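A.B. asks: Sequence first, then the predicted structure:
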Amino acid sequence: MTTRTDTSPSPLVESRDDLLSVFAGGEKPPAQWRIGTEHEKFVYRVADHRAPSWDEPGGIRDLLLGLTEFGWRPVEEGGKVIALAGEDGTISLEPAGQFELSGAPLENLHETCAEAARHLKQCEAVGDRLGLGFLGLGMWPDKARADLPIMPKGRYRIMLDHMPRVGTLGLDMMLRTCTIQVNLDYQSEADLVKKFRVGLALQPVATALFANSPLTEGRPNGYKSFRSHIWEDTDPHRTGMLPFVFDDGFGYERYCDYALDVPMYFVFRDGRYIDCAGESFRAFLNGKLPQLPGERPRVSDWVDHLSTAFPEVRLKSFLEMRGADGGRWGRICALPALWVGLLYDDAALNAAWDLCKSWTIEERERLRHDVPRLALEAAVPGGGTVRELADRVLEIAAIGLTARARLNAAGDNEGGFLDPLREVVSTGITPADRLLQRYHGDWSCDVDRVYEELSF
């Protein structure tokens, strides 16, 4: 989740135009489009597979501090190091210590994979000294909520208190899941609309290809992507497939209205988070927020608020693709390859839209609901399976990446980064299926084997 690295004052919101300017300010010509990849992983103690706390010797704090030897700069909250900033972006903590790299905006996927490799190598170097390992899955396969620590970030305490009021699985989302995401640019409002629609409609395809969370507390949970299912019962006010995105006339104004209707979590003032859970940002605009009577929001408050909506695709000053489970190195590269191939070439974008433009609201919702359980076997609107649809989607993505013609020193384009996904489609076996095969096979239902075989 978002970590503040800049606490300087921002301008007051004087009008609705200031809210809309955050979206319009993200517009860039294609030559300036970038790729920002985020990936999370679970941290565990090698000796006993326990999730380390922030302040214990050799725990999360020491992991953060150890990474400063590679040039990362500490970011503090309340006098405690809770993140790092550097040339490769930001390293931050999810609520139970899941370790996240929010990568820098990069020009091509070769740079993205090099960035991920650097980060993982640095984590391994420090982790080896501290006795820490790293696991790339969509959900803790063995940990109960009570087994997990809480990181010292003010916004997380507010969210942890609020989640049980609005859903049954929000605490699992915060404490027990990991994801891979990619942030992408748009040229104009019209370009944003088309990318948003394709991203939402085809997000279940990414969920199926990356499904990697079939175990909970040491046993199969009945899903291929339980992480994705969790979002169905986290908070209906701030999650989901956003049907209005497909309405005629959708654009910045309509997304602004949606975000204004999302209940608040907090306001950040003087280095601390003020609990405003359930309050209205519209009231804040009118100086009627009970926690800050007479005070009106700053642009930074609006940006913070946008980060507390969690739909399958999210708009800030860029688009976030949010449907994939966490995974190992090759999948960190494959997720941005999928979406860059589909969205950063006009012909590919139009072809991708042709695949899904006739789907109804009900069909999109049904697909979103079925995929966490069935993955590639889920039925697609109009006939066929997600596996068959994914095959067509990957063909289009490969064409888009070829058209981009971003070559490495060996003359290879970016299409090779799709190979892990091609394997899933050709075999019909997702990461979740492989995990279940091991669990029921040579692991003999001993989930501890996951640490030996599936760590980074």
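C.D. replies: Yes, it's here. Computed from a predicted structure; not experimentally measured. Residues are numbered from 1 along each chain as shown.
A.B. asks: Give me the below-cutoff pLDDT ranges for this protein.
C.D. replies: The model of the chain has pLDDT under 70 over residues 1-7.
A.B. asks: Nearest residue to the residue nearest in space to the middle of it in space, please, no chain neighbours.
C.D. replies: Centroid-nearest residue in the chain, with CA atoms, centre = their mean: Q181, separated by 3.9 Å. Leaving aside its chain neighbours, Q181 sits nearest to E38 (4.4 Å; criterion: CB to CB, 6 or more residues apart in numbering). Any C-beta I mention is one placed from the backbone N, CA and C, and that applies to glycine too.
A.B. asks: That neighbour reaches L101, doesn't it?
C.D. replies: Yes - applying CB atoms under 8 Å, one finds E38 in contact with L101, separated by 6.9 Å.
A.B. asks: how many other residues sit next to the nearest residue to D325 once chain neighbours are set aside?
C.D. replies: With CB to CB, 6+ apart as the criterion, D325 has its nearest non-adjacent residue at 2.8 Å, and that residue is G138. Residues within reach of G138, counting by other CB atoms under 10 Å, total 32.
A.B. asks: follow-up on the earlier one: how far away from the center of its chain is the strand or helix carrying the residue nearest to Q181?
C.D. replies: If you go by DSSP states H and E, E38 is part of strand 35-45. Centroid separation between strand 35-45 and its chain, computed with CA atoms, centre = their mean, to the nearest Å, is 10 Å.
A.B. asks: Stretch 441-456 now?
C.D. replies: With CA atoms, centre = their mean, you get 25 Å for stretch 441-456.
A.B. asks: cool, and stretch 144-163?
C.D. replies: Relative to the centre of its chain, stretch 144-163 is centred 18 Å away, using CA atoms, centre = their mean.
A.B. asks: buried sites along that stretch?
C.D. replies: Neighbour-count burial for stretch 144-163 flags 148-149, 151-160, 162-163 (criterion: 16 or more other CB atoms under 10 Å).
A.B. asks: Show me which pair in those residues is furthest apart.
C.D. replies: Farthest pair in those (CB to CB) is P149 and H162. Separation: 19.4 Å.
A.B. asks: related to what we said a few turns ago, want to throw the buried residues of stretch 144-163 into CSV with distance to G384 and secondary structure?
C.D. replies: Listed next are those as CSV, based on distance: CB to CB, whole Å; DSSP: H, G, I helix; E, B strand; the rest coil:
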residue, distance to G384, secondary structure
L148, 40, coil
P149, 45, coil
M151, 43, coil
P152, 49, coil
K153, 44, coil
G154, 47, helix
R155, 42, helix
Y156, 42, helix
R157, 46, helix
I158, 44, helix
M159, 39, helix
L160, 41, helix
H162, 40, helix
M163, 37, helix
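A.B. asks: Out of those, the closest to E423 would be?
C.D. replies: So of the buried residues of stretch 144-163, ranked by how close each gets to E423 (CB to CB), first place is L148, at 32.2 Å.
A.B. asks: Quickly note the distance from the residue located most distally from the centre of the chain to T427.
C.D. replies: The centre of the chain is farthest from one residue, G294, which by CA atoms, centre = their mean lies 35.2 Å away. To T427, G294 is 61 Å away according to CB to CB, to the nearest Å.
A.B. asks: how about K41, what does it touch?
C.D. replies: 98-100, 123, 134-136, 178, 326, 456 (CB atoms under 8 Å, 6 or more residues apart in numbering).
A.B. asks: would you list every one of the strands in the stretch 301-450 of the chain?
C.D. replies: 310-311, 313-315, 319-325 (DSSP state E, counting those that start in this stretch).
A.B. asks: just these: most buried one?
C.D. replies: strand 319-325 (a mean of 26; mean count of other CB atoms under 10 Å).
A.B. asks: Quick one: list the elements packing against that strand.
C.D. replies: Packed against strand 319-325 by the contact rule (3 or more CB pairs under 8 Å, 6 or more residues apart in numbering; DSSP states H and E) you find strand 179-184, helix 189-209, helix 226-230, strand 313-315, helix 329-343.
A.B. asks: Out of those, the one nearest C256 is which?
C.D. replies: When those are compared by CB to CB, strand 313-315 sits nearest C256, at 9.4 Å.
A.B. asks: Confirm for me that S188 is in contact with P29.
C.D. replies: No - no contact is recorded between S188 and P29 when judged using CB under 8 Å, the distance being 9.6 Å.
A.B. asks: and the nearest residue to L374 once chain neighbours are set aside, how many neighbours does it have?
C.D. replies: Of all residues not flanking L374 in the chain, K224 sits nearest, at 7.0 Å (CB to CB, 6+ apart). By other CB under 10 Å, 31 other residues sit near K224.
A.B. asks: do the same with A375
C.D. replies: Around A375 there are 31 residues (other CB under 10 Å).
A.B. asks: Tell me which stretches of the stretch 51-200 of the chain form helices.
C.D. replies: In the stretch 51-200 of the chain, the segments counted as helices under DSSP state H, counting those that start in this stretch are 60-67, 109-130, 154-166, 170-176, 189-209.
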